[in-house]
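Student: Mind looking at a prediction? Sequence and model below.
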Amino acid sequence: MASSTSTPRSRSRSSTTSSNSSDTTMPDAPPLTPARPRQASQSQAIVSPTAPVDSRDPAFSLLLSLPRELRDRIYTFALTSPFPFWWPGTASPTHGVAVSLLTVSQQVYDEAAPILYAENNFIFLHPSDCNIFRVISSPYSERITSVYFRAREKELRLWTSYLGSKTKDRSLRHDLPKLKSLWIFLRCGNMPGLMGPIGGGGGGGGAGGGHLGLPHMPQALVAQIQGVQNALGQQVQALQQQVHHLTQTIAAGIGHGLGVPQQGTAPTQPAGPQNAIGNGTGNDNQALPPPPPPAPAQPLHQHPPLPQPHAHGVQNNPPNPGPLTQHMAQQLQIQQQIQLHAQVLQQPLPQPAGAHHPTFNASLQRWEREVGLDSLCLSLQDSRPKDADTKIVCIMRQPRPEVQRLVQRYPDELVVDRNGDARSRFRRLHGIEVSFEVSGFEVPV
């Protein structure tokens, strides 16, 4: 019984066990073993060799790992601009320079800052700006090689003193010792009458027209012409005084010739007993009469002696003209000379056929001293670096039609840029390259 009763119980447990473990292995089956290692252990084996990457120095830079030649090319590409830098002022977006590159590290700054100053152009509007910039900026600013100065005519004395100075505190030589290119733009302002005597056509007294073109000429030429006129006026006044003096002399001489005996001839004594004294007919012991008084002094030493009056009057034959006729002829010649000088001043000199006009630079040579260009070149002779390319451009403002007329008159000497301004070719003045630029502006109608 016991066995019969125990058998179902065991069966029930086994059936229950079999039903619960039907999804798993059987009790009599061997245990499962892994056929290959787990993926987790494999990943740990791969990561372990590359662990030093995460433990590198955070100051490591791929830029500094490059050779110095490649780094310099990167600095040049990132820090140079085709547009000049104005100072005082800040870098505008048009420059496109990565100035923040200088803040990466001290090594990058020491390598990139010299390129920033050496490879860019800088513009200064006042001599004090250049001097102060060197004081407050980086010490690498002494590497500047290209500079533009924009000078105004009224500040020319300040520029000449700065450019010609040799002191260490304030001078071009000590502020920019590495300078290789220096351009000075001298703005002379608006000079509306300058081109009249330079490019004026013939027949009308120049482009300005009018009497001598004085209202349309610069002050230097006006002063020169007025000086010539004053000198000519003084000469004319002196000639007129001489003519007046000669007229008075001739009139006095004619009066003496008609009623006064000539100088050097004794007056005729009337007949009487007094005349017999000197002839031996009277008493020899009688005192001689005093000599006659001399004739009044006349400035006849400057002129030939007047002829004796003719018995039938003054003869005015053509071979021997009278004094009055000679005086009138001289006065007429003086008037003709005065008129001739006035015509020469009023009318331009006629040019022969096939003759060329004077060059543009030759027409402006007399104007250089008045503008101050001559003194500016002299101040740069000894102070500028010997190997520096120094050029001066003198800028004048003229109406746009005047610029076009000059270009037509001097096509071989003037070059027109994209803005319509004309510039002459450079020539040497005291060892400095000098050019003139005529900047056009629109005239309101």
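Tutor: In hand now; what should we look at?
Student: domain parsing for this structure?
Tutor: By the assignment in automatic domain parsing, the chain contains the domains 120-212+359-445, 213-251+323-344.
Student: Can you say which of these is packed in most?
Tutor: Per-stretch averages of neighbours, counted by mean count of other CB atoms under 10 Å, single out domain 120-212+359-445 among the domains of the chain, with a mean of 17. For every residue, glycine as well, the C-beta is placed using N, CA and C.
Student: So which of the domains of the chain is nearest residue 69?
Tutor: Nearest to residue 69 among the domains of the chain is domain 120-212+359-445 (18.7 Å), distances taken as CB to CB.
Student: Save the domains of the chain as CSV, and put in mean pLDDT and distance to residue 69 too.
Tutor: Converted to CSV, the domains of the chain look like this (pLDDT from 0 to 100; distance: least, CB to CB, whole Å):
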stretch, mean pLDDT, distance to residue 69
domain 120-212+359-445, 82, 19
domain 213-251+323-344, 70, 56
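Student: Mind putting these into JSON lines with distance to residue 65?
Tutor: Below are those laid out as JSON lines (distance: least, CB to CB, whole Å):
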{"stretch": "domain 120-212+359-445", "distance to residue 65": "24"}
{"stretch": "domain 213-251+323-344", "distance to residue 65": "65"}
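Student: quick one, which of the ones you listed is nearest to residue 85?
Tutor: Taking the domains of the chain one by one with CB to CB, domain 120-212+359-445 is closest: 5.2 Å.
Student: Helices along the protein, start to end?
Tutor: Under the criterion DSSP state H, the chain contains helices at 2-20, 39-47, 68-79, 106-118, 127-136, 156-163, 172-175, 195-199, 219-259, 323-346, 360-364, 368-371, 373-379, 400-409.
Student: pull the CA atoms of the fourth one into CSV?
Tutor: Only the C-alpha atoms of helix 106-118 are listed here, as CSV (Å, rounded to 0.1, in the frame of the first residue of the first chain):
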residue,chain,number,x,y,z
GLN,A,106,52.8,83.1,-25.4
GLN,A,107,54.7,81.0,-28.0
VAL,A,108,52.1,81.6,-30.7
TYR,A,109,52.1,85.3,-29.8
ASP,A,110,55.9,85.6,-30.1
GLU,A,111,55.8,83.9,-33.5
ALA,A,112,52.7,85.6,-35.0
ALA,A,113,53.0,89.2,-33.8
PRO,A,114,56.1,90.0,-35.8
ILE,A,115,54.2,88.8,-39.0
LEU,A,116,51.2,91.0,-38.1
TYR,A,117,53.3,94.2,-38.0
ALA,A,118,55.7,93.3,-40.8
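Student: quick one: average pLDDT of that helix?
Tutor: Averaged over helix 106-118, pLDDT sits at 95.
Student: ok, and for that helix, which residues are buried?
Tutor: For helix 106-118, the neighbour count (16 or more other CB atoms under 10 Å) marks 108-109, 111-118 as buried.
Student: Tell me how far residue 329 lies from residue 339.
Tutor: From residue 329 across to residue 339, the span is 16 Å (CB to CB, to the nearest Å).
Student: Just flag the most distant two among the buried residues of helix 106-118.
Tutor: 108 and 118 (16.2 Å).
Student: Could you tell me the end-to-end distance of stretch 162-176?
Tutor: 12 Å (CA to CA, to the nearest Å).
Student: quick one: contacts of it?
Tutor: By CB atoms under 8 Å, 6 or more residues apart in numbering, the surrounding residues in contact with stretch 162-176 are 127, 130-131, 134, 142, 144, 147, 179, 376, 378-380, 382-385.
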